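S.K.: Structure for this input, please:
(one chain, ligands or ions: 1)
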Amino acid sequence: MSVEQQVTDAFRARYGSAPSVVVRAPGRVNLIGEHTDYNDGFVMPLAIDRATWIALRPRDDRRVALEFLDFNAQAAFDLDDIQREGKQPVEYIKGMAWAMQQAGHTLRGWEGVVAGDVPIGAGLSSSAALEMAAGRAFAAVSGIEWDAPRMARWGQRTENDWLGLNTGIMDQMISAAGQAGHALLIDCRSLDFEALPLPPETAVVILDTSTRRGLVDSAYNERRQQCESAARFFGVVALRDVSLAAFEAQADQLDELTRKRARHVIYENDRTQRARMAMLAGDAATLGQLMNASHASLRDDFDVSNEALNIIVDCAREHAACYGARMTGAGFGGCAVALVERAQAADFADHINATYPQASGLTPSVYICEAAAGAEIVVGG
Ligand code: GLA
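M.R.: Below you'll find the predicted structure:
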């Protein structure tokens, strides 16, 4: 049964009628441009065909009441008195309501059922999907116009200021603004974005190593601080403003660790813009090489890969149909992404399922994915 059907059926069972609004918002995978978003740089993610769905109807009062099918949990809160309580899924919904109200919007209450098929904790942005689905729901019942960058900023505030997670803007932007069949090149300073078609006859394949690491938050914050200190050294607002030439001219004055972190970000921004040219030219081979170079830089300079990611990337590259592969997302575990010849994608998946367990002792999950549309109202609104 599709997730849409699931939330619709559950809504009907609970409330005795069909939902008046159904929204969805997707997870994401990043092709290239990693750990660049919080440096005001460039990223090139795509929305995937896995999403969070909400079936709902507006209420006449200011309450929000929810059932989370995947967690077998219910929750409710009052829009006039939103309290922070732990890290339950409802906190993402509260955070969005809080951010939208802080921005001056008057929200209406609603009740609904939430479910999704974005794997949780795998680095495919199930939390951004939940935030953007909630944003769609609040906007639909409260008559607020959808503006993807604005909505993404509210999602980021939910992460940063409501949940205390210091993430960038990439995940929310792509979930809000994704386009079917396309990746987006996003300028994380201006939030301008450009849709780029995937090279002809290629498929994007997500390779979940099944490894997860607990200390991601602290390692992530440490990387951010190292980037900020490098930006201070160069006398700029963010590493986005340092050219390759300026970096090479002064790099030897930096301590080794800061130099490596800065080198990753500055060259990754350059690779991401070259990836844009490759996408425009439909040049899968060049795009794949840039992805391979990105992985090496994340592994050696930024130091956010792990053994399982390195192994799965090697397994991917052994296959003749693979143009390139790299770790994707924050790192330290989670998923890699590969660009492969579309006609060979199923064979490629078989290859990973056979070779990765042998090399790592772990069981992967492999998703051949389609680039999907961003957050949308599917019914009503
Ligand atoms: C996580 C964060 C993003 C981004 C990536 C790394 O997914 O949520 O903002 O920083 O890591 O590119």
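S.K.: List the buried residues in the helix or strand bottoming out on mean pLDDT in the chain.
M.R.: Sorting the helices and strands of the chain by mean pLDDT, DSSP states H and E puts helix 216-234 at the bottom, at a mean of 94. Neighbour-count burial for helix 216-234 flags 216, 220, 223-224, 226-227, 230-231, 233-234 (criterion: 16 or more other C-beta atoms under 10 Å). In this view, the C-beta of every residue, glycine as well, is placed from N, C-alpha and C.
S.K.: got these as JSON lines, with distance to Ser360 columns?
M.R.: Converted to JSON lines, those look like this (distance: C-beta to C-beta, whole Å):
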{"residue": "Val216", "distance to Ser360": "20"}
{"residue": "Tyr220", "distance to Ser360": "24"}
{"residue": "Arg223", "distance to Ser360": "25"}
{"residue": "Arg224", "distance to Ser360": "29"}
{"residue": "Gln226", "distance to Ser360": "29"}
{"residue": "Cys227", "distance to Ser360": "30"}
{"residue": "Ala230", "distance to Ser360": "33"}
{"residue": "Ala231", "distance to Ser360": "37"}
{"residue": "Phe233", "distance to Ser360": "38"}
{"residue": "Phe234", "distance to Ser360": "39"}
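S.K.: Tell me which two of those sit farthest apart.
M.R.: Of all pairs drawn from the buried residues of helix 216-234, the widest gap by C-beta to C-beta lies between Val216 and Phe234 and measures 27.1 Å.
S.K.: picking up where we left off before, can you tell me which of the buried residues of helix 216-234 is nearest Phe348?
M.R.: Nearest to Phe348 out of these is Val216 (C-beta to C-beta; 27.8 Å).
S.K.: ok, and the closest non-adjacent residue to that closest one?
M.R.: Spatial nearest neighbour of Val216, excluding adjacent residues (C-beta to C-beta, 6 or more residues apart in numbering): Phe332 at 5.1 Å.
S.K.: now do Trp154
M.R.: Spatially, and ignoring its direct neighbours in sequence, Trp154 is nearest to Ala99 (3.9 Å; C-beta to C-beta, 6+ apart).
S.K.: Then Asp300?
M.R.: Closest to Asp300 by C-beta to C-beta, 6+ apart is Lys260, at 7.6 Å.
S.K.: Could you see whether the ligand lies near the helix or strand where the one you found lies?
M.R.: Here Lys260 sits within helix 256-280, counting by DSSP states H and E. No. Residues of helix 256-280 are not located near the ligand by C-beta under 6 Å from any ligand atom, the shortest gap being 9.1 Å.
S.K.: so where is the stretch 201-350 of the chain shaky, pLDDT-wise?
M.R.: Low-confidence segments of the stretch 201-350 of the chain (pLDDT under 70): 215.
S.K.: where exactly do the helices run in the chain?
M.R.: Using DSSP state H, the helices of the chain run over 3-15, 90-102, 126-142, 148-157, 170-177, 216-234, 244-250, 256-280, 284-300, 307-318, 345-360.
S.K.: Out of these, which is closest to Glu370?
M.R.: The nearest among the helices of the chain, by C-beta to C-beta, is helix 345-360 at 11.0 Å.
S.K.: What angle do helix 307-318 and the closest one make with each other?
M.R.: 140 degrees (axes from the mean of the first three to the mean of the last three C-alpha atoms, to 10 degrees).
S.K.: distance between helix 345-360 and the chain's centre?
M.R.: Centroid separation between helix 345-360 and its chain, computed with C-alpha atoms, centre = their mean, to the nearest Å, is 24 Å.
S.K.: Which neighbouring elements make contact with it?
M.R.: The elements that helix 345-360 packs onto, with contact taken as 3 or more C-beta pairs under 8 Å, 6 or more residues apart in numbering; DSSP states H and E, are strand 202-208, helix 307-318, strand 335-341, strand 365-369.
S.K.: Name the residues of the shortest one that are buried.
M.R.: Within strand 365-369, the residues scored as buried using 16+ other C-beta under 10 Å are 366-369.
S.K.: which residues are in contact with it?
M.R.: Strand 365-369 is contacted from outside by 29, 48-50, 119, 122, 203-208, 210, 345-346, 349, 352-353, using C-beta atoms under 8 Å, 6 or more residues apart in numbering.
S.K.: Could you report the distance from the residue positioned nearest the centre of the chain to Ile266?
M.R.: Against the mean C-alpha coordinate of the chain, by C-alpha atoms, centre = their mean, the closest residue is Asp171 at 3.3 Å. Per C-beta to C-beta, to the nearest Å, Asp171 is found 22 Å from Ile266.
S.K.: And Val141, by the same measure?
M.R.: Val141 is 44 Å from Ile266, where distance means C-beta to C-beta.
S.K.: Over to Gly381?
M.R.: The gap separating Gly381 from Ile266 is 43 Å, by C-beta to C-beta.
S.K.: Neighbour count for the two, which is higher?
M.R.: Per other C-beta atoms under 10 Å, whichever of Gly381 and Ile266 has more neighbours is Ile266, with 26 against 16.
S.K.: count of neighbours near the closest residue to the more buried one other than its chain neighbours?
M.R.: Distance criterion C-beta to C-beta, 6+ apart; nearest residue to Ile266, sequence neighbours excluded, is Phe247 at 4.9 Å. Using other C-beta under 10 Å, Phe247 has 20 other residues around it.
S.K.: Enumerate every residue touching Phe247.
M.R.: So Phe247 contacts 234, 262-263, 266 (C-beta under 8 Å, 6+ apart).
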